[in-house]
Each structure stands twice: as structure tokens, then as C-alpha cells.
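Trainee: Quick one, structure for this:
(one chain, ligands or ions: 1)
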Amino acid sequence: MNATTDMAGKGGTGGAKAPWRALVLTLYPGMFPGPLGASIPGRAVEDGAWSLETVDIRDFASDRHRTVDDLPFGGGPGMVMKPDVVDAALAVAIAKAPEGSVAICLSPRGKPFTQDRARELAAAPGVVLLCGRFEGIDARVVEARELEEISIGDFVLSGGEPAAMCLIDACVRLLPGVLGAAESLGEESFEDGLLEYPHYTRPAIWQDREVPAVLTSGNHAKIRAWRRAEAERLTAERRPDLWAKRQARTKH
Ligand code: 9D3
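Mentor: Below is the predicted model:
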């Protein structure tokens, strides 16, 4: 037995745990890692907390033109990704993925992505993410592979890739050891369904604008109360949906 097997499962800091794994199926593998190679997710890859692998869907086309799409049955605009090609790519990705990984299709018709789902996916061994292009993917392959369809919001992207990057980013920052202690603590205070209060730093006067006087008063009880009131005001104003939920929950 060597040092590595000795440490297995001991929860030490020696990187003994298998990395969280993201396998991304795309027609544009060159878009990755993109923003996931920088900042927090980039550092976390270097630290061995997670890994990213792309699968080029076009490699699974079977004709000499490497066709991945075809006309929609029933007519209408645009093209549809072929089920046989997408399924062959999925078979390879799922075989590579750790047991228990969650298979997802990024789709504008999917269920809205949430922080709760990010927490659940971060707790899984990894994800297999199918990025659509054209009008969409043949519905039969989504059904046959029991893919969970996820959307990142009510706006139209050019494809699933930027949505996959958002999902991965949201999960990766929740992996153990990825955020520093200070960043993790900040997390909890804003998980009570409120938007954040506004932030200020030096200089105390900038372009004739002063920092709210309470923040330089040294009265920490008053500062806490001001921040809470600002958070509530902003939430009620900008996010009536969140505000209503919170009112129902806390019965103020
Ligand atoms: C006119 C019909 N369009 C649906 C709104 C077709 C269409 C537009 C854009 C089909 C796919 C796309 C590409 N978008 C995604 O793949 C996507 C997406 C999005 O556009 N918004 C929010 N979340 C997501 S997840 C994947």
C-alpha cells in the first residue's frame, strides 16, 4: 500500500477525493474552457477539485459529410440535431462519466435552473451536459436517455454552451475547498432570500458622492440594521417574486 491509497477516504487535504467531473457534448468544443479556465473555476481545476472534458458531437456523424442535423418532420424553420448522432456521442460520454452522474440537456424549454439544483448537482459525482444548436435536438433521444432538461432563464441564447458554462460555474464554486473561508461565510448570510445590500469602499467622497454616513459611524448595530433595510428595499423593488416568497415564509 502506498501513501495515496492510505489517504483514500480520510477526507484530508491531499486531494484524495475523486474530482467532480463535467463532460460536455457540443458542436463547438473550442468554446471550452472559455471563462471556466479563469478565476475561481480555473484555480479549482488546477487544484484537482473538478475536471472538464468536451465531446465533439460531430465526431459521431456517420456519413462522409459529417452531417449532424436534418430538416424537421412536419416542416417549419431551421434544422434539428439527429438522434442517432447525438445518442452515439451520449453513449461515449456516459461510459466515461463516474457512476451516479446526472445527464442533462440544456434547452430553452427546460425547467429553470436554481441554486437548490446547483447544490444537488455539486453533490453528485459529476454531470453530462448536452448542448443543443439549431432549433433543437430530436425529442426521442432526450426521452430515451432520460435527460433532465434545464434552462438558465427566459432569454434566447445562440446555443446551449454558455448555459452549460453557467451551470458548471454555479456547481464548481460549491465544491468543498473551492471557495475560501471568507467567501463561504458570505454565502450563508444571503441565503435568506434577499438581494445583497450595496457596497462602498474608499475614497469616502468620490465625484461629489458621499458614502452613507452610517457606514463610517462605527456603530455596528446601526450598520447591520441599515444593510438589512437596504437589502429588503432592493428585494421588494427589483424582485417582487422573491419578496412575496419571503413574506409568506417569515410572515412579517
Ligand atoms: C424560436 C424558437 N427558439 C426557442 C426559444 C429556438 C431556439 C432558440 C435558441 C432553440 C435553441 C436556442 C439555443 N438556446 C439554448 O440552447 C439554451 C438556452 C436559452 O436559449 N436560454 C436559456 N437557457 C438555455 S439552455 C439552452
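
Trainee: alpha carbons only for contacts and neighbour counts from here, please
Mentor: Will do.

Trainee: In CSV, could you pull the C-alpha coordinates for stretch 130-142?
Mentor: Provided in CSV are the C-alpha atoms of stretch 130-142 (Å, rounded to 0.1, in the frame of the first residue of the first chain):
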residue,chain,number,x,y,z
LEU,A,130,-25.7,18.1,-23.9
CYS,A,131,-25.5,21.5,-25.6
GLY,A,132,-28.1,22.0,-28.3
ARG,A,133,-27.7,24.0,-31.5
PHE,A,134,-30.1,24.8,-34.4
GLU,A,135,-33.8,24.7,-33.4
GLY,A,136,-33.2,21.8,-31.0
ILE,A,137,-32.5,18.1,-30.6
ASP,A,138,-34.8,15.3,-31.7
ALA,A,139,-37.1,14.7,-28.8
ARG,A,140,-36.7,10.9,-28.9
VAL,A,141,-33.1,10.9,-27.8
VAL,A,142,-33.9,13.2,-24.9
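
Trainee: Buried ones in it, by neighbour count?
Mentor: By neighbour count with 16 or more other Cα atoms under 10 Å, stretch 130-142 contains the buried residues 130-133, 135-138, 141-142.

Trainee: Thought Ala22 was touching Ile168, still the case?
Mentor: Yes - at 7.4 Å, Ile168 and Ala22 qualify as touching, with contact defined as Cα atoms under 8 Å.

Trainee: Got the domain ranges for this protein?
Mentor: Taking automatic domain parsing as the domain assignment, the record places the domains of the chain at 5-172, 186-251.

Trainee: all helices of the stretch 51-200 of the chain, in order?
Mentor: Applying DSSP state H, counting those that start in this stretch to the stretch 51-200 of the chain gives helices spanning 83-96, 115-123, 139-144, 161-172, 181-189.

Trainee: Would you mind naming what in the stretch 51-200 of the chain lies close to the ligand?
Mentor: Residues of the stretch 51-200 of the chain lying near the ligand by Cα under 6 Å from any ligand atom: 106-108, 132-133, 135-136, 151-160, 163.

Trainee: Going through the residues you listed, which ones are buried?
Mentor: By the neighbour-count criterion of 16+ other Cα under 10 Å, these include these buried positions: 106-108, 132-133, 135-136, 151-153, 159-160, 163.

Trainee: possible to save these as JSON lines with pLDDT?
Mentor: Formatted as JSON lines, those follow (pLDDT from 0 to 100):
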{"residue": "Leu106", "pLDDT": "98"}
{"residue": "Ser107", "pLDDT": "98"}
{"residue": "Pro108", "pLDDT": "98"}
{"residue": "Gly132", "pLDDT": "96"}
{"residue": "Arg133", "pLDDT": "92"}
{"residue": "Glu135", "pLDDT": "93"}
{"residue": "Gly136", "pLDDT": "96"}
{"residue": "Ser151", "pLDDT": "98"}
{"residue": "Ile152", "pLDDT": "98"}
{"residue": "Gly153", "pLDDT": "98"}
{"residue": "Gly159", "pLDDT": "98"}
{"residue": "Gly160", "pLDDT": "98"}
{"residue": "Ala163", "pLDDT": "98"}
